[in-house]
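Participant: What follows is a predicted structure for the sequence shown.
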Amino acid sequence: MKLTLAALSVAGALLLGGCASTPPQFSALESHWPAHLPARVDLSSTTPFIAQDDYECGPAALAMLLQTTGKRVTVEQLKPQVFLPGRKGSLQTEMLVAVRRQGLPAYPLPPRLDALLSELAAGHPVVVFQNLSLEFYPVWHYAVAVGYDRERRTVLLHSGKTRRQEVELPVFERTWARGDYWAMTALPLDQVPASLDGAQTGAALSALERLNAPAARRGYATALTRWPGEPVLLMGAGNTAYAAGDKGGAAKHYARLTDLHPELPDAWNNLAQVMLEQGNRAKASQAIQRAVELGGPRLDQYKALQRKISNGM
């Protein structure tokens, strides 16, 4: 993903509308409104509002989002994590990592207007990244989308110093498109995103796992209730169970993974390792043999484990 800085003096921003043509995503959405989207959503009363100081829209937008999930964080706490004073802005990567530091998965959304509206319809505020000026003189800005109105053709934003700012959807799309349609949300561990599939959700949880495996384990458990056969989720659930010392739980997830996706050598390798540690050398030998037969870039690791099993170590 391209790293882009956001820095804004809101008073000088230009929301350009004029006689420009209707942007493509809004045009398609208006022609074929998805049946699952209600005509109107307003989360402004349940999404905290924090006025954004000049150049600090990133920490403020992130604080609003995280407070919605129940996290007691402030702009001042987040500034050292995401704000770069020398460049007067916040990098998108740091925004994602800051969410993970709070023990939550950060979910980058597909670059589509219907994905953004789907999250809002599910009750999930979304941080959006905009260029409020021109391509050759960008004014980067983070805001929090908190609703929309189909009939009025508007989106609602907590933006700058304005609570519940109403912006025409075509104008919003143009400013959002200049930021490559970047958007993200964060959710409690007992919820899943509305606009992502199981693999995309698993990727977000895998990123969280590298910082907070116990939190990721809870997220995997929730996601598996929605996508019970998703291999990324099953592998992550097995890995985090293993990391927690729950070898029985790890074996259960790896066994299900090999049942549903027998073509995955890593699943067989991991199952073999757990079977060996549980003292079931026969099943471990069978599992690692399958991994070796399937091969792949980690074949040498599979063979090393196979030798360990065969030698009774």
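Facilitator: Thanks, I have it.
Participant: can you give me the strands for the stretch 151-300 of the chain?
Facilitator: 154-159, 162-168, 183-186 (DSSP state E, counting those that start in this stretch).
Participant: I'd like these written out as CSV, with mean pLDDT, distance to Gly236 and mean neighbour count added.
Facilitator: Placement of C-beta: from N, CA and C, glycine included. Shown next, in CSV, are the strands of the stretch 151-300 of the chain (pLDDT from 0 to 100; distance: least, CB to CB, whole Å; neighbours: other CB atoms under 10 Å):
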stretch, mean pLDDT, distance to Gly236, mean neighbour count
strand 154-159, 97, 33, 26
strand 162-168, 97, 38, 17
strand 183-186, 98, 18, 26
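Participant: Going by neighbour count, which residues of stretch 23-41 are buried?
Facilitator: Using 16 or more other CB atoms under 10 Å as the test for burial, stretch 23-41 gives Pro23, Gln25, Phe26, Leu29, Leu37, Val41.
Participant: Of the residues you listed, which belong to strands?
Facilitator: Counting by DSSP state E, the part of the buried residues of stretch 23-41 found in strands is Val41.
Participant: Report the two of the buried residues of stretch 23-41 separated the most.
Facilitator: Pro23 and Val41 (20.2 Å; CB to CB).
Participant: Mind putting the strands of the stretch 151-300 of the chain into JSON lines with distance to Thr46?
Facilitator: Shown next, in JSON lines, are those (distance: least, CB to CB, whole Å):
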{"stretch": "strand 154-159", "distance to Thr46": "11"}
{"stretch": "strand 162-168", "distance to Thr46": "12"}
{"stretch": "strand 183-186", "distance to Thr46": "14"}
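Participant: how about those, which one is nearest Gly147?
Facilitator: Closest to Gly147 of these is strand 154-159 (CB to CB; 3.7 Å).
Participant: Sheet partners, orientation included, of that closest one?
Facilitator: strand 140-149 (antiparallel), strand 162-168 (antiparallel) (DSSP bridges).
Participant: which other residues reach that strand?
Facilitator: Strand 154-159 is touched from outside by 10, 42-44, 47, 49-50, 52, 61, 64, 128, 141, 143-149, 164-169, 172, with contacts defined as CB atoms under 8 Å, 6 or more residues apart in numbering.
Participant: Whichever of those end up buried, select them in PyMOL.
Facilitator: Selecting only the buried entries of the contacts of strand 154-159 in PyMOL, with 16+ other CB under 10 Å as the criterion:
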select buried, resi 10+43+44+47+49+50+52+61+64+128+141+143+144+145+146+147+148+164+165+167+169+172
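Participant: ok, Glu56 touching Lys79?
Facilitator: Yes. Between Glu56 and Lys79 a contact is recorded at 6.8 Å, counting by CB atoms under 8 Å.
Participant: more crowded one of those two?
Facilitator: Using other CB atoms under 10 Å as the criterion, Glu56 and Lys79 rank with Glu56 on top: 26 against 18.
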